[in-house]
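>>> Would you be able to build a 3D model of this:
(chains A, B, C and D)
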Protein chains: 2
Amino acid sequence: MAALAGVSISTASKALNGSGRMSEETRERVKKVALEVGFRPNALARGLITKRSFTIGLLTNDTYGRFTLPVMAGISEELVGHGVSVFLCAIEDDPERARVHVDAMLDKSVDGIIASGKRLDRQLPVDLSGLAVPVVYAFTKGPVDGVTLRSDDEQGARLAVRCLIDAGCRRIVHISGPKTFQSVRERADAYRATNDGPPEVLHGVWSEAWGHEAVAQLWDRGGDKPDGIFCGNDQIARGVVDGLRERGVRVPEDVAVVGFDNWEIVAAQTRPPLTTVDMNLRTLGREAGRLILAMSEGREVQSGIRKLPCSLVVRQSCRGLEPPV
Amino acid sequence: MAALAGVSISTASKALNGSGRMSEETRERVKKVALEVGFRPNALARGLITKRSFTIGLLTNDTYGRFTLPVMAGISEELVGHGVSVFLCAIEDDPERARVHVDAMLDKSVDGIIASGKRLDRQLPVDLSGLAVPVVYAFTKGPVDGVTLRSDDEQGARLAVRCLIDAGCRRIVHISGPKTFQSVRERADAYRATNDGPPEVLHGVWSEAWGHEAVAQLWDRGGDKPDGIFCGNDQIARGVVDGLRERGVRVPEDVAVVGFDNWEIVAAQTRPPLTTVDMNLRTLGREAGRLILAMSEGREVQSGIRKLPCSLVVRQSCRGLEPPV
DNA sequence: TGAGGGTGAGAAAACCTTTTCTCTAGGACG
DNA sequence: CGTCCTAGAGAAAAGGTTTTCTCACCCTCA
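Predicted coordinates:
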């Protein structure tokens, strides 16, 4: 113990924590010695008395980590500087597993829990309200009186449609996922509100195959072909782009395409690479971290839903405004 | 405190932990009361005295989580039943960040650290040897005297090549990633050893584009065309399959293709879906969990490298043996 | 009947901090 | 010269467990 190097345990503690009263000289001396011997206060003992463990839990049902991973990165980024570590608990959609994980976290007196998921309109299969610790819902549905963070899908969709319009598209079609998803409806609504031309929305599943098929539907029927396609996610967009290429339709010259999600592995590998909407999940994670920290420190945080803006990542499938010559 | 319901604190503790001496009746009574009042022993206090925090840290530099996520799932799956929670620390490749995370974990007295990564031949940018806690290296390079877990890439590659041979391929080419990767060399060696026909290995980068280009190289030159292609990973395989389809070559009828990684999002969405080698990372994670648990409990674990077998996931790009009629 | 042994259970120490309280000097002030 | 105040630092309690020690009691055996 660093106290061996001059002072009592209590004085040492106060010196290191900047509390208590003592001469500046004593304080400095203690700090110096602590540094020299590499003193590490035991977080368990500290937590026992301060009631703060500098630990939070992240609960998610997103198996692929497509959404959770960026969120996690943001949280961690925000919190590690405050000495807070994050428990990651992947509960598939199993209430039992969720319960076990939550119990384990509670046992460890986490300072807070962040619930995260893969859908904005589904709750995790576990009830987190009424827990003794604060909870933030990030990219998953929370209770009405909870603190919820989500992406602004309408704004993101507007971004996408505007990009197509700016690229000169006159007839834009929206190919999206199942209508049962709230985000699908929101994006479609924003599409309808932003689009100048005749609106047309095709619903299917979240797969490349559906993108293909949708293109087939559009091109095999008579009548006008679209010159711009706004896709509900990047997988669909990839299917669409592949489908178009196979038909000899050039992207973006003949038809411009915009995706949604900015899932690198899909968006960047598409030929041509996808222009797509990024939900800024990392930023969302940072914000979640900031909020849970505030709440765990007892600061009051306003409940309700916060929508964080999306941004557009311009690659080659839609270039938007031509650069001024 | 549950002790209010009958006995002293010490007796209660002993009753719940199955230690100490007391009548069976007392023990049962305490347990019953504890259950009724939902007694939760404080893990901090317990950890303070037992020197076990029931907490381990997972350190990874795998940003996409492609490898880490299954490993993590396995670890968690194995450990949650023992009441152990997992800190996930994503350090890009930043030694400074790694240091901070490791310090945070050490402060929290983790019972062990599992180091994980995205390459079998690269160490994490932080030195974990000489730490007071046990360390297991899972899917990343560890020190020679460390406990290391990895996939058996040679065996996996043999599986792939055999599948092609069984499908009747006479001329199999191996299209893989950069020669600087140890796994690339191992897979290539296994390919050469298993393949009957003339060996041909093409090295490039880990991308679909390279798969395309490799197909172009093979088909645009004169001479025999391969009838089987073993790819270094699924992204290359996807590029290859797409390239073949665009040339009107049928998969698997004309050319059978096998990938590596079983990265669902790529393998399952390819047309046709990829037959590919799965490294069983979840199992690897479970094993890592089992080992770190053993080590944290003081049980001796033999150091060295353990290779875990891969398995073949048969989809449609190579069907292997035709089913007996 | 008394000694010795075994059984059941509680007391208390220990784990490592933080925090509050107490104590000692020394200085200012009356 | 005595009193009061303050600065500086240590003593001790508290936090919730586990674990070792101790104690009381009853039973057995001589």
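
>>> Contact partners for A:Pro70?
Under the criterion of Cβ atoms under 8 Å, 6 or more residues apart in numbering or on different chains, the neighbours of A:Pro70 are A:281-282, A:285. Every C-beta, even on glycine, is put in place using the N, C-alpha and C of the backbone.

>>> Could you do A:Pro198 as well?
Contacts were defined as Cβ under 8 Å, 6+ apart; by that measure A:Pro198 touches A:Arg171.

>>> Name the SS class of it, please.
A:Pro198 carries the three-state label coil when classified by DSSP: H, G, I helix; E, B strand; the rest coil.

>>> Also A:Gly57?
Bear in mind the rule, three-state DSSP; under it A:Gly57 is strand.

>>> is any part of the helix or strand hosting A:Val241 close to chain B?
According to DSSP states H and E, A:Val241 maps onto helix A:234-246. Yes - legend: contact between helix A:234-246 and chain B by Cβ under 8 Å from any Cβ of the partner chain is shown at A:235, A:238, A:242, A:246.

>>> That helix - contacts with which helices or strands?
In terms of contacts (3 or more Cβ pairs under 8 Å, 6 or more residues apart in numbering or on different chains; DSSP states H and E), helix A:234-246 is packed against strand A:172-176, helix A:208-220, strand A:228-231, strand A:256-260, helix A:264-267.

>>> average model confidence for the third one?
The pLDDT scores in strand A:228-231 average 98.

>>> Could you do the last one as well?
Per-region confidence: helix A:264-267 scores 93 on mean pLDDT.

>>> For the closest residue to A:Ile91 other than its chain neighbours, give its distance to chain B.
Nearest residue to A:Ile91, sequence neighbours excluded (Cβ to Cβ, 6 or more residues apart in numbering or on different chains): A:Ala98, at 4.1 Å. Distance, A:Ala98 to chain B, using Cβ to the nearest Cβ, to the nearest Å: 11 Å.

>>> Return the alpha-carbon coordinates of the helix or strand hosting A:Ala98 using PDB.
Assigning secondary structure by DSSP H and E places A:Ala98 in helix A:95-107. C-alpha atoms of helix A:95-107 as PDB (Å, rounded to 0.1, in the frame of the first residue of the first chain):
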ATOM      1  CA  PRO A  95     -36.400 -14.400 -22.500                       C
ATOM      2  CA  GLU A  96     -34.800 -17.000 -20.300                       C
ATOM      3  CA  ARG A  97     -31.300 -16.200 -21.500                       C
ATOM      4  CA  ALA A  98     -32.100 -12.500 -21.200                       C
ATOM      5  CA  ARG A  99     -33.200 -13.000 -17.600                       C
ATOM      6  CA  VAL A 100     -30.000 -14.800 -16.700                       C
ATOM      7  CA  HIS A 101     -27.800 -12.100 -18.200                       C
ATOM      8  CA  VAL A 102     -29.700  -9.300 -16.600                       C
ATOM      9  CA  ASP A 103     -29.500 -11.100 -13.200                       C
ATOM     10  CA  ALA A 104     -25.700 -11.500 -13.700                       C
ATOM     11  CA  MET A 105     -25.400  -7.800 -14.400                       C
ATOM     12  CA  LEU A 106     -27.500  -6.800 -11.500                       C
ATOM     13  CA  ASP A 107     -25.400  -9.000  -9.200                       C
END
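
>>> Contacts made by that helix with the rest, please.
Counting contacts by Cβ under 8 Å, 6+ apart, the residues outside helix A:95-107 that touch it are A:57, A:59, A:61, A:87, A:89, A:91, A:113, A:124-126, A:128, A:131-133, B:40-43, B:54, B:80-81, B:83-85.

>>> in it, what's buried?
Neighbour-count burial for helix A:95-107, with 16 or more other Cβ atoms under 10 Å in any protein chain shown as criterion, is recorded at A:97-98, A:100-102, A:104-107.

>>> partners of the following helix or strand past that helix in the sheet?
Under the assignment DSSP H and E, the closest C-terminal helix or strand after helix A:95-107 is strand A:112-116. The pairing partners recorded for strand A:112-116 under DSSP bridges are strand A:55-60 (parallel), strand A:135-138 (parallel).

>>> which other residues reach strand A:112-116?
A:56-60, A:62, A:67-68, A:71-72, A:75, A:102, A:105, A:124, A:128, A:131, A:133-140, A:142, A:288-289, A:292-293, A:295-296.

>>> Next step: the contacts of A:Pro70 restricted to helices.
Within the contacts of A:Pro70, membership in helices is found for A:281-282, A:285, as judged by DSSP state H.

>>> closest to A:Ser19 among those residues?
Checking these against A:Ser19 by Cβ to Cβ gives A:Gly285 as the nearest, at 32.3 Å.

>>> burial count for A:Ser317?
As a burial measure, A:Ser317 scores 29 neighbours (other Cβ atoms under 10 Å in any protein chain shown).

>>> tell me the contacts of it?
When the contact criterion is Cβ under 8 Å, 6+ apart, the partners of A:Ser317 are A:237, A:241, A:251-252, A:256-259, A:270, A:272-275.

>>> export these to CSV and tack on pLDDT and neighbour count?
As requested, those are arranged in CSV below (pLDDT from 0 to 100; neighbours: other Cβ atoms under 10 Å in any protein chain shown):
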residue, pLDDT, neighbour count
A:Ala237, 98, 31
A:Val241, 97, 29
A:Val251, 94, 23
A:Pro252, 94, 24
A:Ala256, 97, 26
A:Val257, 98, 30
A:Val258, 98, 33
A:Gly259, 98, 32
A:Thr270, 94, 26
A:Pro272, 95, 16
A:Pro273, 97, 18
A:Leu274, 98, 32
A:Thr275, 98, 27
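
>>> would you list those residues in CSV and tack on distance to B:Arg29?
Compiled in CSV, these are given as follows (distance: Cβ to Cβ, whole Å):
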residue, distance to B:Arg29
A:Ala237, 64
A:Val241, 69
A:Val251, 74
A:Pro252, 75
A:Ala256, 74
A:Val257, 69
A:Val258, 67
A:Gly259, 63
A:Thr270, 66
A:Pro272, 72
A:Pro273, 68
A:Leu274, 65
A:Thr275, 68
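
>>> Which of those residues sits closest to DNA strand D?
Nearest to DNA strand D out of these is A:Gly259 (Cβ to the nearest atom of the strand; 51.2 Å).

>>> For the closest one, which non-adjacent residue is spatially closest?
Counting by Cβ to Cβ, 6+ apart, A:Ala237 is the residue found nearest to A:Gly259 once chain neighbours are left out, at 3.3 Å.

>>> check contacts around that neighbour.
If a contact means Cβ under 8 Å, 6+ apart, then A:Ala237 has A:211, A:229, A:231, A:257-260, A:266-267, A:270, A:274, A:276, A:317 as its contacts.

>>> ok, now which ones touch the residue nearest the centre of chain A?
For chain A, the residue whose C-alpha lies nearest the mean C-alpha position (Cα atoms, centre = their mean) is A:Leu281; its distance is 2.7 Å. By Cβ under 8 Å, 6+ apart, the contact set of A:Leu281 is A:67, A:70-71, A:74, A:139, A:151.

>>> Could you identify which of the residues you listed has the most neighbours?
Neighbour count (other Cβ under 10 Å) singles out A:Val71 as the most crowded of the contacts of A:Leu281, with 30 neighbours.

>>> so what pLDDT did that one get?
Residue-level confidence at A:Val71 comes out at 96, pLDDT.
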